[in-house]
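Asker: Turn this into a structure:
(chains A and B)
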Amino acid sequence: MNRYLAAHVSGLPPSGIRKFFDLVSTMKDVVSLGVGEPDFITPWAVRESGIFSLEQGQTMYTSNAGLLELREELSHYLFSSLGLSYDPEKEILITAGASEAVDLVMRAVLEPGDVVLVPDPSYVSYAPCAILAGASVRYVPTHASEDFRLRVEDLDQVYTPKVKLLVLSYPNNPTGAIMRREDLLPIADFVAKHDLLVLADDIYSDLTYDGKHVSFASLPGMHDRTLFVSGFSKAYAMTGWRIGYVAGHADLISGLTKIHQYTLLCAPIMGQIAALEALRSATEAKRDMVTAYDRRRRLMVRGFREMGLDCFEPLGAFYVFPDITKTHLSSEAFAEELLKEEKVAVVPGTAFGPSGEGYIRCSYAYSIEQLQEALKRITKFVERRLNKESNT
Amino acid sequence: MMTEEDHKLLKLIGQDCRLTPLELSVQTGLTPQYIGQRITAWEKEKVIVCYQPMINWARTGEEKVSAMIEVRVLPQRGYGFDKIAKRLQKFPEITALYLMSGGYDLSLLIEGKTMQDVALFVAEKLAPLEHVQSTATHFVMRCYKQDGVELMGEEETIQRLVVSP
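Answerer: Below you'll find the model as predicted:
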């Protein structure tokens, strides 16, 4: 029945993550570091508000843009935490997770022939969503030697006049890299010079371990050029609730809302109510989770460095991205052999773009005990590979 | 003066006092020397009072009974409730002791092997004490949560995908 599939869909390669997921699913007793979601359960007060909303019979549609009360609370939160000013009536749209927001942005602004610049490596959805919207993608390589930050020199290398949109996703999945204000300012000049729009995926902004996150939209002149995307999944451990949002200039949000109203109508109401409660009462729970991630982050970086591998110190999100080139294995071979020999699941860096070659992504959204067990097993595997190399 | 680091360190120790200074160091970024010094100081200042595990006796099958006891006390001139409280806290049967606001003065948690043990303690040791005016005993039927730890029911297990983006 493949003949019925549209060419741009059948031509889309399957996600590298999916391939690895299928492989891991066939095995038992695997210690997985492959998960891109928190191990915490949504804070109880938030869960309870969802339950209460159902008891109250709140099972209807909301307005397309989402509950006004939630948008108002978000507007306060964005202003107080990131210095961003958005009108809750016209400049914020509640979506079914940040993933929908990414898709909406791509579909609303891209046309065939347009080019999107995507940092490499980065989250798996940007390129496929851009392609499905009819555009093409140019990867902008980032390097461990530059702390995986995006640099204007690298943007210049891949720029063409067809570029319309730049994706920024910091803190970054899979590297854990962050961009500080001084790193973002030259990017803002580049964006202004070429009259570009920016999709800033700040979903991990609350999970920053050294200093405060700076949003690209807060830079001078960048508010109207940025579509700010975020959500509740990572910081509030609410992945399954599917509540995200996008904020930006009213004209752009109005365009995104058109697609949203025809395809999704609205994000689920119980999730929106729970998200409202998260903003109001889960700040301390969020802080506790960030503290726990920070402990695990330090443990993982030290663990990989003690194995003799180079490991960039991630300052955001919940991933480490160690360099495995010393083992002389490709990312995919490393992940597959580690899984077969030690039953530890990690994700090959190449699942996140070509510059991920030579790296693996390890999530530390696991308990300290699970991480210690995984590190023990990976150490055995790496020792064998390094000894093999030194004996040949 | 407690720093933010100190606060985090104490919280970690409070969650798991088995962590060694080296493990604490890896997880906090503080040096093991600094951590060792702080722990020693806190032990001296009685900020860290003791290290003891929380045991769910109900799971051991051992018979154990506990009761919350409301006690009305006549306060003493110059001492208030402190003198009687100091005396009461010496009893090993009393595992917790609080001064309360409201309808009674002291709240005690008493543990014994049987209900008879608890009843005898109240009748023979507690009630006859000078200044104790009355007692009301409430036996604990079941403990669901203690010191912030949920003791009842199945652990919440997370059904996450093994690999996800």
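
Asker: So in that sheet, which strands flank the helix or strand bottoming out on mean pLDDT in chain B, and in what orientation?
Answerer: Taking mean pLDDT, DSSP states H and E as the measure, the helix or strand of chain B with the lowest value is strand B:149-150, at a mean of 87. The sheet places strand B:149-150 alongside strand B:145-146 (antiparallel), with pairing taken from DSSP bridges.

Asker: need the helices for the stretch 151-300 of chain A, in chain order.
Answerer: A:152-158, A:181-193, A:250-263, A:269-281, A:283-306 (DSSP state H, counting those that start in this stretch).

Asker: Remind me what the second one packs against, helices and strands.
Answerer: Packed against helix A:181-193 by the contact rule (3 or more CB pairs under 8 Å, 6 or more residues apart in numbering or on different chains; DSSP states H and E) you find helix A:152-158, strand A:163-168. Heads up, the C-betas are built off the backbone N, CA and C, glycines and all.

Asker: Tell me which of the ones you listed is the most buried.
Answerer: Highest mean neighbour count of the helices and strands packed on helix A:181-193: strand A:163-168, a mean of 23 (counted as mean count of other CB atoms under 10 Å in any protein chain shown).

Asker: report the angle between the axes of that one and helix A:181-193?
Answerer: An angle of 170 degrees separates the directions of strand A:163-168 and helix A:181-193 when computed by axes from the mean of the first three to the mean of the last three CA atoms, to 10 degrees.

Asker: starting at the chain centroid, how far to strand A:163-168?
Answerer: A distance of 16 Å separates the centroid of the chain from that of strand A:163-168, by CA atoms, centre = their mean, to the nearest Å.

Asker: Pull the residues that contact that strand.
Answerer: Counting by CB atoms under 8 Å, 6 or more residues apart in numbering or on different chains, the neighbours of strand A:163-168 from elsewhere in the structure are A:105-106, A:109-110, A:114-119, A:122, A:126, A:130, A:135, A:138, A:150, A:155, A:179, A:187, A:191, A:194, A:196-201, A:216.

Asker: where are the low-confidence patches of chain B?
Answerer: Low-confidence regions of chain B, defined here as pLDDT under 70, cover residues B:153-158.

Asker: what does it have sitting close to chain A?
Answerer: Residues of chain B lying near chain A by CB under 8 Å from any CB of the partner chain: B:8, B:11-12, B:26-29, B:156, B:158, B:160-165.

Asker: how far away is the nearest residue to residue A:33 once chain neighbours are set aside from chain B?
Answerer: Here the nearest residue to residue A:33 in space, its sequence neighbours aside, is residue A:362; by CB to CB, 6 or more residues apart in numbering or on different chains that works out to 4.2 Å. Per CB to the nearest CB, to the nearest Å, residue A:362 is found 12 Å from chain B.

Asker: so residue A:362, which of the three states?
Answerer: Under DSSP: H, G, I helix; E, B strand; the rest coil, the three-state class of residue A:362 is strand.

Asker: In this structure it contacts residue A:300, no?
Answerer: Yes - when contacts are counted by CB atoms under 8 Å, residue A:362 is listed as touching residue A:300 (6.5 Å).

Asker: Fine by me, thanks again.
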